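Novice: Build me a model from this:
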Amino acid sequence: MSLSTENIQFKATAEVAGRSRTARLDYASMAPLFVLVDVGLILALSVVISFAAAAEIGGGFEYTRPIGIGILAAVAFVLTTTSRGLYKPWRMVRIVEQASAAAVDWIFTILVVATVIFCLKVGDSTSRLDTGIFAVLGLAAMPASRWAMGSWFRHAIERGAVKGRASILIGDAVELDRVVPGNVLMRLGLHEVRRFSLATSGPEATTGLSAEDFDTLKSALQFARQQRIEEIVLAMPWTNLDRLDAVRSRLRALPVPVKLLPDDAVSEILDAPRVDFGPTIAIEVQRAPLSRLELLQKRALDITVASVAVTLLLPLLAAIALAVKLDSRGPVIFRQRRNGFGGREFTIYKFRSMTVMEDGGKVVQAKRNDKRVTRVGKFLRATSLDELPQVLNVLFGHMSIVGPRPHAIAHDDEYSKLIAGYAFRHHVKPGITGWAQVQGLRGETAELELMARRIEMDLWYINNWSIILDVKIILKTFIEVLRKDAY
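Specialist: This is a model prediction of the structure:
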């Protein structure tokens with residue numbers, strides 16, 4: 001992810017950069033520190049649980065076995081976490097991701113411990129109760145510890161308490177403005193001491209370096225030698241290779257590493273996952289459909305949420321059905337054909353909120369003060385209660401709780417011709433709510449630009465899907481429904 005578009009924005013400015021001079025913590029020591037905390041916590045859990053159990057039954061405390069189990073669990077957990085790159089400092093501040101990953105790693109760790117106990121045939125001399133308590137408490141303690149460490153590290157950076165390697169930034173003013181000092185520290189472990197801006201206008205800027213640029217680079221090299229700068233970061237457009245090569249040639253006079261940041265044109269592409277491609281790498285610009293494990297996770301969440309919703313909301317569903325029936329003539333449930341996963345057609349269910357049941361080659365979107373909307377329907381649409389019957393679509397497997405909102409087939413045919421990438425929405429099941437909806441894009445899309453914006457949000461969701469993102473959207477949906485009415 002680019003330094004200028006990091007999801008976690010720190011308060012790091014020139015003020016924070018200045019405070020870093022009094023920093024007490026070395027950035028390079030953060031990963032070993034996190035490892036030590038994990039190892040210490042796991043060992044402490046194992047020993048304390050065994051000691052408490054021994055005190056409870058009044059027996060003697062044998063410390064070798066719990067320490068052995070603790071060491072085994074610590075090694076398995078640390079190796080698993082390290083293999084996933086989760087001890088990297090820039091990932092530690094992603095608190096939700098870290099807590100979720102810690103839970104998964106701990107479950108794997110317990111499986112390893114159980115396997116080793118079975119293979120070594122020491123199960124008879126190992127307390128199943130102690131091991132079970134160790135597993136359960138660890139499942140709570142490891143994510144909590146990771147949450148606490150991530151919060152502490154984030155605040156340490158914001159306070160300027162973390163020290164990185166001294167560095168300078170060189171580049172064009174426009175690209176330099178995109179770089180947040182705190183992100184340079186977080187992502188690269190560098191403390192920004194000073195910036196040097198090259199000229200960005202005039203014919204010289206497009207063909208090479210101007211006289212002013214040469215003076216700037218000379219000053220930068222002199223400053224780097226005097227201040228013992230350990231690294232140089234470049235923020236320049238990638239499209240002008242001649243200009244970039246000229247800058248690199250001048251910087252070879254200084255024996256320090258030089259890093260080139262992604263420019264505005266390529267940063268979004270480089271945010272995508274990278275995969276090995278022979279001796280080089282390839283960028284995954286379109287992710288594959290969800291794996292079987294991911295589909296299983298998503299389906300489990302769907303069934304759980306939909307089942308709970310049906311159980312808890314049954315009285316409300318009955319009351320709404322009665323109100324719809326008494327308010328106007330027509331069926332209680334509105335049915336309409338929609339396109340689902342892979343473009344396969346299904347019938348969506350909603351509480352009827354209008355006097356019409358359009359489902360043909362032309363479907364007119366509801367507008368504000370639309371006369372077709374019934375009295376009860378106006379309230380249902382404003383509160384999104386008309387969408388509740390779609391929990392049945394979720395249970396039947398037609399839809400998901402979270403996903404791109406399905407549109408009428410007539411609208412699908414229309415927008416697929418007007419908006420690039422529209423068909424990619426069908427790479428996942430449609431949802432009752434979605435990323436676009438919690439970003440405020442609910443209701444009518446009378447202008448093509450609004451629909452294009454909604455589709456952009458849908459595509460982002462598909463390319464960045466995670467089970468944590470689904471949970472986040474579900475929680476934000478409640479807030480969005482209260483914040484903005486549809487019609």
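Novice: show me where the stretch 251-400 of the chain has helices.
Specialist: For the stretch 251-400 of the chain, the helices defined by DSSP state H, counting those that start in this stretch occupy 267-270, 292-327, 375-383, 390-396.
Novice: Columns mean pLDDT and distance to Ala410 on top of those, output as a markdown table?
Specialist: C-beta: built from backbone N, CA, C; applies to glycine. Formatted as a markdown table, the helices of the stretch 251-400 of the chain follow (pLDDT from 0 to 100; distance: least, C-beta to C-beta, whole Å):
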| stretch | mean pLDDT | distance to Ala410 |
| --- | --- | --- |
| helix 267-270 | 70 | 32 |
| helix 292-327 | 90 | 24 |
| helix 375-383 | 86 | 20 |
| helix 390-396 | 94 | 19 |
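Novice: mind giving me a markdown table with those helices and columns for distance to Leu261 and mean neighbour count?
Specialist: Shown next, in a markdown table, are those (distance: least, C-beta to C-beta, whole Å; neighbours: other C-beta atoms under 10 Å):
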| stretch | distance to Leu261 | mean neighbour count |
| --- | --- | --- |
| helix 267-270 | 8 | 14 |
| helix 292-327 | 32 | 14 |
| helix 375-383 | 46 | 19 |
| helix 390-396 | 43 | 19 |
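Novice: how about the ones you listed in a markdown table, adding distance to Arg250?
Specialist: Output for these, formatted as a markdown table (distance: least, C-beta to C-beta, whole Å):
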| stretch | distance to Arg250 |
| --- | --- |
| helix 267-270 | 25 |
| helix 292-327 | 48 |
| helix 375-383 | 63 |
| helix 390-396 | 61 |
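Novice: May I have the residues that are in contact with the closest residue to Ala28 other than its chain neighbours?
Specialist: Nearest in space to Ala28, with sequence neighbours left out and distances taken as C-beta to C-beta, 6 or more residues apart in numbering, is Gly189 at 6.5 Å. Counting by C-beta atoms under 8 Å, 6 or more residues apart in numbering, Gly189 touches Tyr27, Ala28, Pro89, Gly164, Arg165.
Novice: can you tell me which two in those are farthest apart?
Specialist: Greatest spatial distance among the contacts of Gly189 (C-beta to C-beta): Pro89 and Arg165, at 12.8 Å.
Novice: Residues that sit against both of the two, list them.
Specialist: Tyr27, Gly189.
Novice: What are the structural domain limits within the chain?
Specialist: Here the domain parsing of the chain from automatic domain parsing is 27-158, 162-283, 292-483.
Novice: What is the distance between the last one and the centre of its chain?
Specialist: So that's domain 292-483. Chain-centre distance of domain 292-483: 23 Å, with C-alpha atoms, centre = their mean, to the nearest Å.
Novice: And for the first one?
Specialist: From the chain centre to the centre of domain 27-158 is a distance of 25 Å (C-alpha atoms, centre = their mean).
Novice: More neighbours: which of Pro89 and Arg165?
Specialist: Pro89 (22 against 17; other C-beta atoms under 10 Å).
Novice: What ranges does the stretch 301-450 of the chain have for its strands?
Specialist: 333-339, 345-351, 400-402, 431-433 (DSSP state E, counting those that start in this stretch).
Novice: Pull out the buried positions in the first one.
Specialist: Buried residues in strand 333-339, counting neighbours by 16 or more other C-beta atoms under 10 Å, are found at Phe334, Gln336, Arg338, Asn339.
Novice: Which members of those are the farthest-apart pair?
Specialist: Taking C-beta to C-beta, no two of the buried residues of strand 333-339 sit farther apart than Phe334 and Asn339, at 17.2 Å.
Novice: roughly how far apart are Asn464 and Arg337?
Specialist: 29 Å (C-beta to C-beta, to the nearest Å).
Novice: Then Arg454?
Specialist: 20 Å.
Novice: cool, and Gly150?
Specialist: 46 Å.
Novice: Gly132 too?
Specialist: Counting by C-beta to C-beta, the gap from Gly132 to Arg337 is 51 Å.
Novice: what's the answer for Trp460, then?
Specialist: 27 Å.
Novice: for the closest residue to Val394 other than its chain neighbours, what are its contacts?
Specialist: Nearest non-adjacent residue to Val394, counting by C-beta to C-beta, 6+ apart: Ala306, 4.2 Å away. Ala306 sits next to Val391, Val394, Leu395, Ile401 when contact means C-beta under 8 Å, 6+ apart.
Novice: mind giving me JSON lines with these and columns for distance to Glu231?
Specialist: Shown next, in JSON lines, are the contacts of Ala306 (distance: C-beta to C-beta, whole Å):
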{"residue": "Val391", "distance to Glu231": "54"}
{"residue": "Val394", "distance to Glu231": "51"}
{"residue": "Leu395", "distance to Glu231": "55"}
{"residue": "Ile401", "distance to Glu231": "46"}
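Novice: Pull the most distant pair out of these.
Specialist: Farthest pair in those, by C-beta to C-beta: Leu395 and Ile401, 10.6 Å.
Novice: Pull the number of nearby residues for Leu418.
Specialist: By other C-beta under 10 Å, neighbour count at Leu418 equals 11.
Novice: Quick one: neighbours of the nearest residue to it once chain neighbours are set aside, just the number.
Specialist: Closest residue in space to Leu418, ignoring its immediate chain neighbours: Leu448 at 6.1 Å, by C-beta to C-beta, 6+ apart. When counting by other C-beta under 10 Å, one arrives at 12 neighbours for Leu448.
Novice: Next one: Leu448 relative to Ser307, how far apart?
Specialist: 39 Å.
Novice: Same check on Leu241?
Specialist: For Leu241, the distance to Ser307 - C-beta to C-beta - is 58 Å.
Novice: Equivalent analysis for Gly343, please.
Specialist: 28 Å.
Novice: where's the residue nearest the centre of the chain, which helix or strand?
Specialist: Against the mean C-alpha coordinate of the chain, by C-alpha atoms, centre = their mean, the closest residue is Leu469 at 6.3 Å. Taking DSSP states H and E as the definition, one finds Leu469 inside helix 467-483.
Novice: Which elements pack onto that helix?
Specialist: Applying 3 or more C-beta pairs under 8 Å, 6 or more residues apart in numbering; DSSP states H and E, we find helix 467-483 packed against helix 95-119, helix 292-327, strand 400-402, strand 431-433, helix 435-438.
Novice: Next, format those as CSV and append distance to Ala235.
Specialist: Output for the helices and strands packed on helix 467-483, formatted as CSV (distance: least, C-beta to C-beta, whole Å):
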stretch, distance to Ala235
helix 95-119, 27
helix 292-327, 36
strand 400-402, 37
strand 431-433, 39
helix 435-438, 30
